[in-house]
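Colleague: pasted the sequence and its predicted model underneath.
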Amino acid sequence: MKVLGISGSLRRDSYNAALLRAAAEFLPDGAELEPWDGLKAVPPYDEDDDVEPAPAAVAGLRDAIAGADAILFATPEYNHSVPGQLKNALDWASRPLATNPLRNKPVAVVGASMGAFGAVWAQAELRKILAATGARVVDGEVAVGHAHEKLDPDGRLADDSLGEALAEVVEALVTVTRARDLLAA
Amino acid sequence: MSTLTQTQEALPTGAWNEDPVHSHVGFELGYASGVFRGSFSPFDARFDGDRGVLTGVARADSVHVLDENLTAHLLAPDFFDAERAPLLTFESTEIRRSGGTVSVSGVLTIKGVSVPVELEGTIDDPFLHPSGTERFPLHLETTVDRRAFGIDWQMELPNGGEALGWDVKLSADLFLVKA
């Protein structure tokens, strides 16, 4: 099982990228997390550019989504919402809606922020956006507030309860993904 | 001298299938300040007059609305979740006729959730169609709260109201042809 990991933060030492690495530790044998590092290269969405062949960065994103069994998103929060570049990438990925690769794709959302609330509003918005694309949004939330105190760059969580919550979300995502495989079999 | 009037309570006997061209299964619900309508086509409706059972089946992906993006959203987990629940089904448990009116109890399954429903409508006796087939009309409708089926998508409108109504009127206009 291939789980694509998409961080909404572009920063080199991103806490959300670290949170994805922490999540990878909870994946069962046979499942691996593949971080997607193409976010910065995605151009601004312009319907005039949304033609075949798609811009290379967009094609890469769509292929990465199509080739993954599930996606785990980790998002920071900018002005109480989703980082613009992440929303922009999802806008590209979701069109045309009727055939987009996010349809029915099991996805889960977690988040980290340096503030107290752990990007809970951005996470909620991201779940709403993903549902609108037709993705199968798995229940569960991990909000890592004060991320600079709770998460080191290697993805080690200093808080056991956060680790348990992260394990639960990863397990839920794996369960839904396996159920989908059975349905397709 | 009294006049005896008889109310027809008997249902047609034998097996009957829908005439797809002259039958329609639709839904409507409030959308912002207007009404949003859709239908299912094709669908399968059968009346087994010997058992007195009416059944209906539609594929979720036979939903028809006038916007392909809305169709895509209706098929997604937010609404019908066609991947997991490809079929919508109905099966009657009791049909009561009194002259031209009919009441039907049954079980409606949408998004994999089965809910008992009561439908009301009209019926007429079979007649010989110019095509040479026997047929009878049956119109049924009911209103359900879509949340009963786990279809609880909602968006708040700028004025604070809800974008999409919870109550959904379902209607079936069937022209049933003797098999």
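Modeller: Cool, got the structure.

Colleague: and the helix or strand encompassing A:Val174, how far from the chain's centre?
Modeller: Assessed by DSSP states H and E, A:Val174 sits inside helix A:160-184. Counting by CA atoms, centre = their mean, to the nearest Å, helix A:160-184 is centred 14 Å from the centre of its parent chain.

Colleague: show residues contacting that helix.
Modeller: Residues outside helix A:160-184 that contact it (CB atoms under 8 Å, 6 or more residues apart in numbering or on different chains): A:1, A:3, A:19, A:22-23, A:26-28, A:31, A:69-70, A:72, A:104, A:106-108, A:110, A:136, A:138-142, A:144, A:150, A:157, B:83-84. Glycine gets a C-beta too; all of them are placed from N, C-alpha and C.

Colleague: also stretch B:143-152?
Modeller: With contact meaning CB under 8 Å, 6+ apart, stretch B:143-152 is reached by B:29, B:78-80, B:108, B:110-111, B:113, B:115, B:117, B:166-170.

Colleague: do that again at 7 Å, thanks
Modeller: Stretch B:143-152 is contacted by residues B:79, B:110-111, B:113, B:115, B:117, B:166-170 when judged by CB atoms under 7 Å, 6 or more residues apart in numbering or on different chains.

Colleague: just to revisit the earlier point, buried ones in the helix holding A:Val174?
Modeller: For helix A:160-184, a neighbour-count test (16 or more other CB atoms under 10 Å in any protein chain shown) marks A:162-163, A:165-167, A:169-171, A:173-174, A:176-178, A:180 as buried.

Colleague: with these in mind, which one is nearest to chain B?
Modeller: Relative to chain B, the closest of the buried residues of helix A:160-184 is A:Arg180; by CB to the nearest CB it sits at 7.5 Å.

Colleague: returning to what we had before: now the buried members of the contacts of helix A:160-184.
Modeller: For the contacts of helix A:160-184, buried by 16+ other CB under 10 Å: A:1, A:3, A:19, A:22-23, A:26-27, A:31, A:69-70, A:72, A:104, A:106-108, A:110, A:136, A:138, A:140-142, A:144, A:150, A:157, B:83.

Colleague: now A:Asn16: how far from chain B?
Modeller: From A:Asn16 across to chain B, the span is 25 Å (CB to the nearest CB, to the nearest Å).

Colleague: report the angle between the one helix or strand that residue maps to and helix A:160-184.
Modeller: Using DSSP H and E, A:Asn16 sits within helix A:15-24. Angle between the axes of helix A:15-24 and helix A:160-184 is 70 degrees (criterion: axes from the mean of the first three to the mean of the last three CA atoms, to 10 degrees).

Colleague: need the residues that contact the helix or strand just after helix A:15-24.
Modeller: Proceeding N to C from helix A:15-24, the next assigned helix or strand is strand A:32-35, under DSSP H and E. Outside of strand A:32-35, the residues within contact range by CB under 7 Å, 6+ apart are A:2-5, A:17, A:20, A:23-24, A:27, A:72.

Colleague: returning to what we had before: which of the contacts of helix A:160-184 fall within helices?
Modeller: The members of the contacts of helix A:160-184 that map onto helices under DSSP state H are A:19, A:22-23, A:150.

Colleague: which one of these is nearest B:Asn159?
Modeller: The shortest approach to B:Asn159 among those belongs to A:Leu19, at 37.9 Å (CB to CB).

Colleague: roughly how far does that closest one sit from A:Arg95?
Modeller: 28 Å (CB to CB, to the nearest Å).

Colleague: give me phi/psi at the closest residue to chain B within chain A?
Modeller: Of all residues in chain A, A:Gly134 sits closest to chain B, at 3.7 Å by CB to the nearest CB. Here is the backbone geometry of A:Gly134 (degrees, to the nearest 10): phi 100, psi 10.

Colleague: hmm, back to that, any chance of the contacts of stretch B:143-152 in a markdown table with secondary structure, distance to chain A and pLDDT as columns?
Modeller: Compiled in a markdown table, those are given as follows (DSSP: H, G, I helix; E, B strand; the rest coil; distance: CB to the nearest CB, whole Å; pLDDT from 0 to 100):
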| residue | secondary structure | distance to chain A | pLDDT |
| --- | --- | --- | --- |
| B:Phe79 | coil | 10 | 97 |
| B:Ile110 | strand | 18 | 98 |
| B:Lys111 | coil | 13 | 98 |
| B:Val113 | strand | 17 | 98 |
| B:Val115 | strand | 23 | 98 |
| B:Val117 | strand | 27 | 98 |
| B:Trp166 | strand | 18 | 97 |
| B:Asp167 | strand | 22 | 98 |
| B:Val168 | strand | 20 | 98 |
| B:Lys169 | strand | 25 | 98 |
| B:Leu170 | strand | 24 | 98 |
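
Colleague: alright, that wraps it up for me.
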